[in-house]
Structure formats: C-alpha cells, structure tokens
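In: Structure, please.
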Amino acid sequence: MSSTSEHVDPSADDSEITRLKKRCVQLSKDLNSEKKRRKQQEEEEDREFEDARAEVADYEHEDSRELATPYQAMFGARPFGPVKEIKTGRMLKSHVSKEHVERRAGPGGKTLSYITHNRVCQNTNEAFGYNGWSSTIVGRPAIDIVDLATPPSGVRRYEVSAMVTMRVTLRDGCYHEDIGCASHKSTSIIEATGKAVKSATSDARKRVLRVFGNRLGGSVYDKSFTG
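Out: Numbers count the residues shown, from 1 in each chain. The predicted model follows:
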C-alpha cells in the first residue's frame, strides 16, 4: 500500500497575500478620499450658511436704513449692501455658460457668437434681482422709411430702419447707455416700424448689459472664451 502527499505551491499563498494587501491599501485610499470629500462638503455647507446669515444681516441693515431715510427707498438711490455687491461682482466677472452661447453666420463667411435676449435678461435678474434694474429708451427712436419699388404685383413694400438709445439703470443709480439698430420690410409701414423698433430695442438692451460684465454678454467678445 502506497501513500501520496499533496504538493502545496507556496507561491500561491504569497500571491493571495499580495492581492489582499493591495486591496487593503486601495480600501484605505478610498476611505481617505471619502473622508476628504465629506470634509470639503461640510466646509462648503458652513460657508453657504455664513454667506446666507451675512446676506440676511445685510438686507436687515438696508431695510432699517431705508425706513430711517425715506428718500433712499427711491429706485436709483438704494445702494446694494456690501455682501450683495461682492457676490454680484464675482458673478459678473464669471463667464456665461458655453451652452448658452449661440452661433450664426456673419458677413464675410465669419461665424458670430451671441447670447439670446431672453438669456441675458435672466442673467441680469440673477445678478441684480428682478427689482434691482430697469431699462429705458432715451429720447425718440430714429426712424428711416424707404419706399421700395413697386413690384409687378402692384403691392408696394417699405423698409423701415430704426435706431434706439437705451439706458440701463441699477437700483443704486449706476447706469450705462448704448444704441441698437434693426430694419424690417413689410407692405405695412406700421408693421415694419413696430418690428424694427422692437428688434432695435432688444439689440440696444443687450449691448448695454454686456458692459456690466462677462455674465451679461461680455463673454462673447472674448476670443479666448468663444474660441
């Protein structure tokens, strides 16, 4: 009767030990990363809480000052609080999201970047508050009407060009002005004039707001941003 002994490869045990050690090291790294992430999240929540508390105190300070001095409650004479002013300044310096930048064909085969009028107004509300800014047409729009040649159909058409001067004023009295231009063709002078003035007004408002900062349209004039 013969007996056989089972051969055990010691290298197999070493490989398993090595694998377990690597796994322990990786778990330790993951645990440290999670601790770091939670710490950063807690610090961010603490900062947001402090910012919110400071902003509430800021608003309370503004309210008490406006009640003490009725004149300061008037639009154009109501300064932004220091916390709001710092936050707004940071926001205006930051670039607009690239997903909000539109493109269209321009003269000479160029591609022009722009932000829609609606998006600019939304960003302005976020920056200054819905009641923190206003826009006004300065003077009367300049109108030019061209009577186009009568086509064979006998229906006369008109081309109306409009130029509008726009002023945007903030609640603290700061303001900027710029012009906007547009034209429209129609068989009706009233329709052509209305659409030309409307487009020129939107163009002027966008041109004024871009002066306040990147977030309100200044970004599209930065070639390093638009590429």
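In: Residues in contact with stretch 150-166: which ones?
Out: With contact meaning C-beta atoms under 8 Å, 6 or more residues apart in numbering, stretch 150-166 is reached by 135-139, 141-148, 177-189, 192-193, 196-197, 199-201, 203-205, 207-208. No exception for glycine: its C-beta is placed from N, CA and C like everyone else's.
In: Put the alpha carbons of that stretch into PDB.
Out: The C-alpha atoms that make up stretch 150-166 are tabulated as PDB, following Å, rounded to 0.1, in the frame of the first residue of the first chain:
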ATOM      1  CA  THR A 150     -43.500  98.600 -56.700                       C
ATOM      2  CA  PRO A 151     -43.200  95.000 -57.800                       C
ATOM      3  CA  PRO A 152     -45.100  93.700 -60.800                       C
ATOM      4  CA  SER A 153     -47.900  92.600 -58.500                       C
ATOM      5  CA  GLY A 154     -48.600  96.200 -57.700                       C
ATOM      6  CA  VAL A 155     -48.200  95.800 -53.900                       C
ATOM      7  CA  ARG A 156     -45.900  98.400 -52.500                       C
ATOM      8  CA  ARG A 157     -43.400  97.500 -49.900                       C
ATOM      9  CA  TYR A 158     -41.500  99.500 -47.300                       C
ATOM     10  CA  GLU A 159     -38.200  99.100 -45.500                       C
ATOM     11  CA  VAL A 160     -38.000 100.700 -42.100                       C
ATOM     12  CA  SER A 161     -34.700 101.100 -40.200                       C
ATOM     13  CA  ALA A 162     -34.700 102.100 -36.500                       C
ATOM     14  CA  MET A 163     -32.000 103.200 -34.100                       C
ATOM     15  CA  VAL A 164     -32.700 103.100 -30.300                       C
ATOM     16  CA  THR A 165     -30.700 104.600 -27.500                       C
ATOM     17  CA  MET A 166     -31.100 102.500 -24.400                       C
END
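In: in that stretch, what's buried?
Out: 157-166 (16 or more other C-beta atoms under 10 Å).
In: where along the chain do the helices fall?
Out: 10-68, 82-93, 117-128, 189-209, 223-226 (DSSP state H).
In: what's the domain layout of the protein?
Out: Taking automatic domain parsing as the domain assignment, the ranges for the chain are 12-71, 84-226.
In: what residue ranges in the chain score low on pLDDT?
Out: By pLDDT under 70, the low-scoring segments of the chain are 1-13, 52, 55-76, 151, 227.
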